[in-house]
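Asks: the following comprises the amino acid sequence and a computationally predicted model.
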Amino acid sequence: MQAIAGTVRFVSDLHLRAERPDLVQRFAAFLADTAASNVDSLYILGDLFEYWIGDDDLADPFNADVCNLLRSTADMGTSLYFIAGNRDFLIGPRFSAAARMFLLDDTARVGAGGTATLLMHGDTVCTDDLPYQEFRRMVRGEEWQQRFLARPLAERRAEVESLRRRSAEAMQGKTAAIMDANPDAIRQALTASACMRLVHGHTHRPGHEQIQLASGSAERWVLSDWGTGRGDALEIGPGGEIRRIDLSA
């Protein structure tokens, strides 16, 4: 488990895309404040981009601009870490190196403010959404990714647009409960990781709750998405003080 000595911030679900320059402007302002506040570490917990079709698309001007924003923040002393979301799981070593951002596995354990903290995007605990979990297993597989990345960029972009439309249609037929995190899956994740705090995004339902485990009282913080005029970051200080930073438009 990585112990963080200084202040750490967490964000998720920015869904950055060229057609929403306002989101990039808000992100740039947040990064500038993060660096100016001498934040030790920033963890981006997935869906930084609305979609990512491969690191060979890094030359795209929009993607390059976001990469440069991240690198500038790292150059000013804030360590950057990334856990892939369901929209940008194809971010790889080339982007990571260009942005000076460390890629993490699906989950990570850190010591934040003296508390063992489990980090994830959040989709893995939405276990009631069986069709999504089946889709996730497919697209996270090496065979699917190799086939997808072998296609020309234009074909990949068209395929992603089609997937986005189909995803939006599928969501219309699902209840809110099915798409939310499963309480048992949350408890299992905390217990298996021996952590007393969970921070994640994905559900677009920001909140905070106490969770009773056999080992004691744990807590869950859910980060907001940025694409609907909302937006937030969670900050944990070295002494354990916690504040939610309002980044709404």
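Replies: Here it is on my side, so go on.

Asks: can we go C-alpha only for contacts and neighbour counts from here?
Replies: Will do.

Asks: now do the biggest helix by length in the chain: which elements does it pack against?
Replies: Secondary structure of the chain per DSSP state H: the longest helix is helix 153-172. For helix 153-172, not one helix or strand is in contact under the criterion 3 or more CA pairs under 8 Å, 6 or more residues apart in numbering; DSSP states H and E.

Asks: quick one: residues in contact with it.
Replies: Around helix 153-172, the neighbours that count as contacts under CA atoms under 8 Å, 6 or more residues apart in numbering are 51, 53, 57, 148-149.

Asks: what stretches of the protein score poorly on pLDDT?
Replies: Counting by pLDDT under 70, the ranges of the chain that qualify are 173.

Asks: rerun that using 50 as the cut-off
Replies: Across the chain, not a single residue meets the criterion (pLDDT under 50).

Asks: can you pull out the strands in this protein?
Replies: With strands called from DSSP state E, the chain shows them at 2-4, 8-11, 41-44, 79-82, 101-103, 107-112, 115-120, 197-200, 207-213, 216-222, 232-236, 242-246.

Asks: state the distance from the residue lying farthest from the centre of the chain to residue 193.
Replies: Seen from the C-alpha centroid of the chain, the residue lying at the greatest distance (CA atoms, centre = their mean) is residue 214, 28.3 Å away. Counting by CA to CA, to the nearest Å, the gap from residue 214 to residue 193 is 13 Å.

Asks: can you check residue 24 too?
Replies: Taking CA to CA, one finds residue 24 at 34 Å from residue 193.

Asks: so between the two, which is more surrounded?
Replies: Remark: of residue 24 and residue 193, residue 24 carries more neighbours, 19 against 16, as counted by other CA atoms under 10 Å.

Asks: got the contact list for stretch 9-27?
Replies: 39, 41-51, 62, 66, 85, 121, 200-202, 204, 223-227, 231-236, 247, 249.

Asks: how far off centre is stretch 73-90?
Replies: Chain-centre distance of stretch 73-90: 8 Å, with CA atoms, centre = their mean, to the nearest Å.

Asks: just the buried positions in that stretch, please.
Replies: Of all the residues in stretch 73-90, those buried under the rule 16 or more other CA atoms under 10 Å are 73-74, 78-90.

Asks: end-to-end on that stretch?
Replies: End-to-end distance (CA to CA), stretch 73-90: 22 Å.

Asks: show me the contacts for residue 185.
Replies: By CA under 8 Å, 6+ apart, the neighbours of residue 185 are 125-127.

Asks: of those, which is the most crowded?
Replies: Ranked by the number of neighbours (other CA under 10 Å), those place residue 125 first, at 23 neighbours.

Asks: who are the contact partners of that residue?
Replies: 181-182, 185-186.

Asks: go on, residue 102?
Replies: 80-82, 96.

Asks: try it again with 10 Å
Replies: Going by CA atoms under 10 Å, 6 or more residues apart in numbering, residue 102 touches 43, 79-83, 92-93, 95-96.

Asks: closest one to residue 117 out of the residues you listed, please.
Replies: Proximity of these to residue 117 (CA to CA) peaks at residue 43, which lies at 12.2 Å.

Asks: would JSON lines of the strands of the chain with distance to residue 33 be doable?
Replies: Output for the strands of the chain, formatted as JSON lines (distance: least, CA to CA, whole Å):
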{"stretch": "strand 2-4", "distance to residue 33": "19"}
{"stretch": "strand 8-11", "distance to residue 33": "11"}
{"stretch": "strand 41-44", "distance to residue 33": "12"}
{"stretch": "strand 79-82", "distance to residue 33": "14"}
{"stretch": "strand 101-103", "distance to residue 33": "18"}
{"stretch": "strand 107-112", "distance to residue 33": "20"}
{"stretch": "strand 115-120", "distance to residue 33": "23"}
{"stretch": "strand 197-200", "distance to residue 33": "21"}
{"stretch": "strand 207-213", "distance to residue 33": "23"}
{"stretch": "strand 216-222", "distance to residue 33": "22"}
{"stretch": "strand 232-236", "distance to residue 33": "12"}
{"stretch": "strand 242-246", "distance to residue 33": "11"}
